[in-house]
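Colleague: Have a look; sequence and predicted model below, questions after that.
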Amino acid sequence: MLDTALSLLMLASIALISGAVFLWRRGERQRPALMLVLAAIMLGNLVIWTLPTGGPSGGGTLAEAARK
């Protein structure tokens, strides 16, 4: 289930970035900037969940710890 959520998070951030680029080219400024901020926050959360931790247990990820 967590794999699906992380995959959807990545796909949604790609969609937000591409939508922001499209709107930016059409001349809008505020909405694309907010879309890029949201995509950055989503990607930051994705990185937090998938990077290995530096703990003594061998450096597993938060996603692996949630499965246990």
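Modeller: Cool, the structure landed.
Colleague: what comes up buried for the helix or strand of the chain with the lowest mean pLDDT?
Modeller: Every helix and strand of the chain was ranked by mean pLDDT, DSSP states H and E. The lowest is helix 62-67, at a mean of 77. For helix 62-67, the neighbour count (16 or more other C-beta atoms under 10 Å) marks Ala63, Glu64 as buried. Just so you know, the C-beta spots here come from the backbone N, C-alpha and C atoms, and that holds for glycine as well.
Colleague: Would you mind pulling up the elements that that helix packs against?
Modeller: Using 3 or more C-beta pairs under 8 Å, 6 or more residues apart in numbering; DSSP states H and E, the elements in contact with helix 62-67 are helix 2-25, helix 30-50.
Colleague: Adding mean pLDDT, mean neighbour count and distance to Leu62, write these out as CSV.
Modeller: CSV is the format used below for the helices and strands packed on helix 62-67 (pLDDT from 0 to 100; neighbours: other C-beta atoms under 10 Å; distance: least, C-beta to C-beta, whole Å):
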stretch, mean pLDDT, mean neighbour count, distance to Leu62
helix 2-25, 95, 14, 9
helix 30-50, 95, 14, 5
